[in-house]
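Visitor: below: sequence and its predicted model.
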Amino acid sequence: MRRKLAAGNWKMNGSRAALAEVEALCAAHPDSAVELLLCPPATLVAPMADARGSHPLRVGGQDCHSSESGAHTGDISAAMLKEAGASHVIVGHSERRTDHGETSETVAAKAAAAHAAGLVAVICLGETLAEREAGTTLAVVADQLGASLPEGATAANTVVAYEPVWAIGTGKVPTLEQIAEVHEYLRKELATHLPDAADGIRLLYGGSVKASNAADIFSVRDVDGALVGGASLRAEDFSPIVSALEQA
Ligand SMILES: O=C(CO)COP(=O)(O)O
């Protein structure tokens, strides 16, 4: 019942020239059973939305402000992303939490702003290495989830991405048992917050997903797709991940 989602987060990478990768990805998956989403830097949202043509690829932002408008130099609102062609926005990525001091309360406000503008919020959370080693992973992600979910979250407007901070861009990946444990726990936690929506909310895994480990990760129960960083930049790297999800 949950449609699989292959999402790419380009972070602060890419240029108009990189839109050729989008065209190649769309050409490789003309009629995919899985939902495809790419989140480029804000300046590329509109050009990427054009580059996809009639392909149902979704385009998303990587962050939005919690306010509709105002004196927030350098920020972008959810409605601006929507007008540029976005349908989704990532909120609470660990790089935002670390680089910009975002708390889960900030993230909930941003997710609420995304919903108000008609965007799907992709809420990110995950433990640090120190938290994993201290044995507090489940408590940490439960706290982040509870505090980052806005009022009114539904299966249609919310996706949750579990991204262990120590696995992002490091080539290190949790064991399948560790991924299963966290995803199963997040699903249960979702049920305590959103009993009606918990079964329908997609749970993505993120952190060093690549073609060589994707099929194994997608075999884990309660993994509904991936949020991919580095391996989403080039079609030749992302396409096999999409194919693995199509076959999962
Ligand atoms: O942070 C990520 C996606 O949001 C994961 O990044 P990598 O796939 O590069 O590890």
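Guide: In hand now; what should we look at?

Visitor: share the number of residues neighbouring Arg187, please.
Guide: 17 (other C-beta atoms under 10 Å). C-beta: built from backbone N, CA, C; applies to glycine.

Visitor: which SSE is it in?
Guide: Assigned by DSSP states H and E, Arg187 belongs to helix 176-193.

Visitor: now Ala7. Its backbone dihedrals?
Guide: According to degrees, to the nearest 10, the main-chain angles of Ala7 amount to phi -120, psi 140.

Visitor: all further residue positions should be reported with the first residue as 404.
Guide: OK, 404 is where the count begins now, so the last one is Ala410.

Visitor: what pairs with it across the strands?
Guide: Leu440, Leu630 (DSSP bridges).

Visitor: ok, now which ones touch it?
Guide: Listed by C-beta atoms under 8 Å, 6 or more residues apart in numbering, the contact partners of Ala410 are 439-442, 463, 491, 525, 562, 564, 607, 628-631, 635.

Visitor: swap the cut-off to 7 Å and go again
Guide: Neighbouring residues of Ala410 by C-beta atoms under 7 Å, 6 or more residues apart in numbering: Leu440, Cys442, Val525, Leu607, Gly628, Ala629, Leu630, Val631.

Visitor: now the helices for the protein?
Guide: 422-431, 448-454, 481-487, 497-502, 507-519, 532-536, 540-551, 579-596, 614-621, 638-650 (DSSP state H).

Visitor: out of these, which is closest to Arg405?
Guide: Nearest to Arg405, of all the helices of the chain, is helix 579-596, at 10.5 Å by C-beta to C-beta.

Visitor: by how many degrees do the helix holding Arg590 and helix 540-551 diverge?
Guide: Relative orientation of helix 579-596 versus helix 540-551 (axes from the mean of the first three to the mean of the last three C-alpha atoms, to 10 degrees): 40 degrees.

Visitor: hmm, helix 579-596 touching the ligand?
Guide: No. Shown here: helix 579-596 not in contact with the ligand (C-beta under 6 Å from any ligand atom), separated by at least 13.7 Å.

Visitor: quick one: contacts of that helix?
Guide: 540-541, 544-545, 548-549, 552, 563, 565, 601, 604, 606, 608, 619-620, 623-626.

Visitor: kindly report the same for stretch 639-651.
Guide: 407, 409, 411, 428, 431-432, 435-437, 439, 612, 614, 617-618, 621-622, 628-629, 631, 634-635.

Visitor: let's see that with 10 Å instead.
Guide: For stretch 639-651, contacts defined as C-beta atoms under 10 Å, 6 or more residues apart in numbering pick out 407-409, 411, 424-425, 427-428, 430-432, 435-439, 441, 612-623, 626-629, 631, 633-635, 638.

Visitor: also near the ligand: which of the residues you listed, exactly?
Guide: Within these, those near the ligand by C-beta under 6 Å from any ligand atom are Val612, Val631, Gly633, Ala634.

Visitor: turn these into TSV, including distance to Glu584 and pLDDT.
Guide: Shown next, in TSV, are these (distance: C-beta to C-beta, whole Å; pLDDT from 0 to 100):
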residue	distance to Glu584	pLDDT
Val612	18	98
Val631	21	98
Gly633	25	98
Ala634	24	98
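
Visitor: many thanks, have a good one.
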